[in-house]
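> Predicted model and sequence follow; I will ask about them next.
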Amino acid sequence: MTPTTPHTPTAVPQGVPASEFEREPVPANKLKGANKFWGMYAGEHAAGTEFMIGPLFLLNGVSLQNIFLGLLVGNFLAVLSWRYVCAPIAARARLTLYYQLEKIAGGSLTKVYNLANGVLFCFLAGAMVTVSATAVGMPLNIPMPAATDMFPTSLSFVVIVLVVGLVIAVVASYGYETVARFANVASPWMILVFFACGVIALKELGVTNWSTLEQVWTESTIFAQNGSDQTRMGFWSVTFFAWFCNSAMNVGMADLSVFRFAKKPSYGWASSAGVYVGHYMAWIAAALMLAAQIKLNQDATPIPGRMASNVAGLAGIVCVIVAGWTTANPTIYRAGLAFQAMVPKASRFKVTLAAGMVATLAGVFPALAWKLLGFVGLYGTILAPVGAVIFVDWYFVRRQNPEALYNAEPASSFSLSVLAAWVIPVGIALYFMHFQGISSWFLPLPTWIACAVIYYLLSAKNRASRALPVA
C-alpha cells in the first residue's frame, strides 16, 4: 500500500519544473512504470564512464579471462544490491535519501553528509563532462588533454567543457521526468553504437577466435604497460570494482531518490539493464577500442572521442557526447537533491543548476576522468556506509513501518551515534587506502558492515525505548 503524504504539495507556477517531492513521500499518482527505470539505468550505465573504465582495465594489465568472469560475477552482486537492499526501502518509504537521513541523524549532521555527497557527485559528473568534451573537440581538430594532464591544455577545450556542461545542467535541472525521458530516447541507440564499436574493433584487430583474442589482448596490455606483462588487477579486483563502483547508489542508498518513484520493489531488477549492457558489454567494447588504437596507431592514450572516432567515425563521436550526458544528467540530479536538502526553501531547479555549474568547472580538469578507477572506489568508501545507517534504522528501529519514519523526530540535530558509525569505519578505511596501499574498491563492503554494526549497537538503547509495530 502506498503511504499517504503528510501534507499537500505546494502548487507550482506555470513554466516552473514540477515538485520532486523532496520533503514528502511520492504520491501514488506520480509513480512511474517499469519502462522508465529500464531506460534510465540503461542510459546512465551504458554511458560516458564506460569509455574510460574499460580502457583502464587494459592499462592495468587485467587478463582477458578475469575481465569476462570478474565483471560477470561483480555485476550480478551489484544488481542484487539494488534489488534487495535499496529498492525495497525506496518503494515503501518513498523518501529521498537526504530527507530520510534527516529523520534519523538530524538536520545538522545530514547537511554535512549532503555536502560531501553533492560535491563527490559533482566531481563524478564533471568527469563525464570531460568525456563528452573530448568528442566535441574531434571534428574541430582541437587537441585534447592526455592521460598525464591534470589541467586543461587549451582555451578551446575549456570553452567546449563550459558549453557541454551548461546543456547537461539545464536538462538535469528539469527533474526526474526529463532525466528519464532523455535516457529513454538516447539509450537504445547508444547501446547499438557501443556494440558496433566492439565488433568493428574486433575486425580491426583481426580476431577470429578466442585464442587470437587472448594473444591480441596480451600484446595490447604489454604495450600499454611499457613492456611489462604484470597485472595490477586480478579476478577479485575486477569483481569488487564491478560490485562497488556504484556502491554509493545501491548499498549507499542514493538511489532511494530514484526508486521512490517505482510502483514495486521488483523494479530494482532494472539495474541489470545498466550493469550488463554498460558495465559488461560496453566496458569490454571500450577496452577493445583501445586495443585497436594500440595496434593501428601504437598509441595507448585512452581519449574517448578519439577511440570512438577511430572505429565508428561520426556515429562514435556523437555516441561519446550523448553517453557523457546520460551519466552526468542523473548524477547532477542526485547532487541537486543533496544540496537542496541543505536549504529546503531554495528552488530545486536553481540548486540543481548550480550543482551542474560545479560539475562543469570540475570537468575543466581532465585528471578526474583519467583517475576514475580510484575515484569511484573512494567516493563509494566515503558515502556507502551511510546507507547502512538507513538499512538498520528501517529494519530494526522503524520495523518497516513508513508512518513511524514520517513521524520520527531525531533526538538531536546532530546524531553522535550516526557520526561515530560513519566516521570511524571510513577513517580506518582511508588509512588502509593511503598508507597500506589497499585498493579503494575493496573498502566499501567492510566499511558498510562496520557502520551497520556500530550503529546497531549505539542505537540499542533508543530501540528498546520504542515499541514500533511491524508493518
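Structure's in. What do you need? Everything numeric in this text was worked out from a predicted model, so none of it was measured.
> residue contacts, the closest residue to Leu58 other than its chain neighbours?
The shortest distance from Leu58 to any non-neighbouring residue, by C-beta to C-beta, 6 or more residues apart in numbering, is to Ala287 (4.7 Å). Any C-beta I mention is one placed from the backbone N, CA and C, and that applies to glycine too. Residues counted as contacts of Ala287 (C-beta atoms under 8 Å, 6 or more residues apart in numbering) are Gly54, Pro55, Phe57, Leu58, Ile67.
> hmm, try it at 7 Å
Gly54, Pro55, Phe57, Leu58 (C-beta atoms under 7 Å, 6 or more residues apart in numbering).
> And it, how far from Ala242?
13 Å (C-beta to C-beta, to the nearest Å).
> One more: Trp448?
Counting by C-beta to C-beta, the gap from Trp448 to Ala242 is 16 Å.
> can you check Glu403 too?
38 Å.
> Can you pull out the low-pLDDT segments for the stretch 301-450 of the chain?
325-326 (pLDDT under 70).
> can you pull out the helices in it?
Under the criterion DSSP state H, counting those that start in this stretch, the stretch 301-450 of the chain contains helices at 304-342, 348-363, 367-370, 372-392, 402-406, 416-435, 444-458.
> Check the stretch 1-150 of the chain too.
Under DSSP H, counting those that start in this stretch, the stretch 1-150 of the chain gives helices at 34-45, 48-59, 64-81, 87-93, 97-105, 107-136.
> Give me the nearest residue to Met138, chain neighbours excluded.
Gly305 (4.4 Å).
> how many other residues sit next to that neighbour?
Neighbours of Gly305 under the rule other C-beta atoms under 10 Å: 25.
> what's the answer for Phe339, then?
25.
> Relative to Phe68, how far out is it?
Taken as C-beta to C-beta, the span from Phe339 to Phe68 is 40 Å.
> Likewise for Ile89?
33 Å.
> the more surrounded of those two?
Counted by other C-beta under 10 Å, Ile89 and Phe68 do not tie: Ile89 has more neighbours, with 27 against 13.
> ok, that one - contacts?
So Ile89 contacts Leu256, Ile390, Trp394 (C-beta under 7 Å, 6+ apart).
> surely the second one meets Gln100?
What it means is Ile390. Yes - using C-beta atoms under 7 Å, Ile390 is in contact with Gln100, at 6.0 Å.
> okay, and for the stretch 51-200 of the chain, where does confidence drop off?
146-147, 175-187.
> ok, Trp243 to Gly70 distance?
10 Å.
> What's the local residue count around the residue nearest to Ser459 when sequence neighbours are not counted?
Nearest residue to Ser459, sequence neighbours excluded (C-beta to C-beta, 6+ apart): Ser417, at 5.5 Å. Per other C-beta under 10 Å, the neighbour tally for Ser417 reads 22.
> measure Ser417 to Leu457 for me?
For Ser417, the distance to Leu457 - C-beta to C-beta - is 9 Å.
> is it true that Phe442 touches Thr239?
No - applying C-beta under 7 Å as the test, Phe442 and Thr239 come out as separate, 10.1 Å apart.
> Between the two, which is the more surrounded one?
Neighbours per residue, other C-beta under 10 Å: of Phe442 and Thr239, the larger number sits with Thr239, 21 against 18.
> Lys203 versus the residue lying closest to the more buried one once chain neighbours are set aside, what's the distance?
Residue nearest to Thr239 in three dimensions, not counting chain neighbours: Gly74, with 4.0 Å by C-beta to C-beta, 6+ apart. Gly74 sits 28 Å away from Lys203, going by C-beta to C-beta.
> Compare those two (neighbour count), which wins?
The neighbour count for Gly74 versus Lys203, taken as other C-beta under 10 Å, is higher for Gly74 (25 against 12).
> Would you check that that one makes contact with Cys245?
No - between Gly74 and Cys245 there is no contact under C-beta under 7 Å: 8.5 Å.
> list residues touching both of those two?
By C-beta under 7 Å, 6+ apart, Gly74 and Cys245 have no common neighbours.
> Tell me the spacing between Ala285 and Val26.
Distance from Ala285 to Val26, by C-beta to C-beta: 36 Å.
> swap that for Gly324, please
With C-beta to C-beta as the criterion, Gly324 and Val26 are 29 Å apart.
> Compare these two and say which one has the larger neighbour count.
Comparing Gly324 with Val26 by neighbour count (other C-beta under 10 Å), the higher total belongs to Gly324, at 32 against 25.
> burial count for Ala421?
Neighbour number of Ala421 under other C-beta under 10 Å is 27.
> Identify the residues contacting it.
By C-beta under 7 Å, 6+ apart, Ala421 lies in contact with Val389, Cys451, Ile454, Tyr455, Leu458.
> Distance-wise, check the closest residue to the second one other than its chain neighbours relative to Gly227.
This means Cys451. Distances taken as C-beta to C-beta, 6+ apart put Pro385 closest to Cys451, at 3.7 Å, once the chain neighbours are dropped. Distance of Pro385 to Gly227, computed by C-beta to C-beta: 41 Å.
> ok, the two, which is more surrounded?
Counting neighbours by other C-beta under 10 Å for Pro385 and for Gly227 shows that Pro385 has the greater number, 31 against 7.
> from what I can see the more buried one touches Trp422, true?
Yes - counting by C-beta under 7 Å, Pro385 does reach Trp422; the two are 5.5 Å apart.
> any shared contact partners between the two?
In contact with both Pro385 and Trp422: Cys451, using C-beta under 7 Å, 6+ apart.
> Count the neighbours of Cys188 for me.
One correction, residue 188 is Pro, not Cys. Pro188 has 13 nearby residues by other C-beta under 10 Å.
> what's the helix or strand for it?
If you go by DSSP states H and E, Pro188 is part of helix 176-205.
> after that helix comes which helix or strand?
helix 210-224.
> From the chain's centroid, how far away is that next one?
30 Å (C-alpha atoms, centre = their mean, to the nearest Å).
> Could I get the buried residue list for that helix?
Using 16 or more other C-beta atoms under 10 Å as the test for burial, helix 210-224 gives Leu213, Val216, Trp217, Ser220, Thr221, Phe223, Ala224.
> May I see the residues you listed organised as TSV, with pLDDT added?
Formatted as TSV, the buried residues of helix 210-224 follow (pLDDT from 0 to 100):
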residue	pLDDT
Leu213	92
Val216	91
Trp217	92
Ser220	91
Thr221	91
Phe223	90
Ala224	87
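> Report the contact partners of the residue nearest the centre of the chain.
Nearest to the geometric centre of the chain sits Asn246, at 4.9 Å (C-alpha atoms, centre = their mean). Taking C-beta under 7 Å, 6+ apart as the criterion, Asn246 is in contact with Ala78.
> repeat that for 10 Å
Listed by C-beta atoms under 10 Å, 6 or more residues apart in numbering, the contact set of Asn246 reads 44-45, 49, 75, 78, 81-82, 252, 254-255, 271, 274-275, 279, 376, 380, 384, 444.
> which parts of the helix or strand containing Val159 are buried?
Element membership for Val159 (DSSP H and E) is helix 155-173. Using 16+ other C-beta under 10 Å as the test for burial, helix 155-173 gives 156-157, 160-162, 164-165, 167-169, 171-173.
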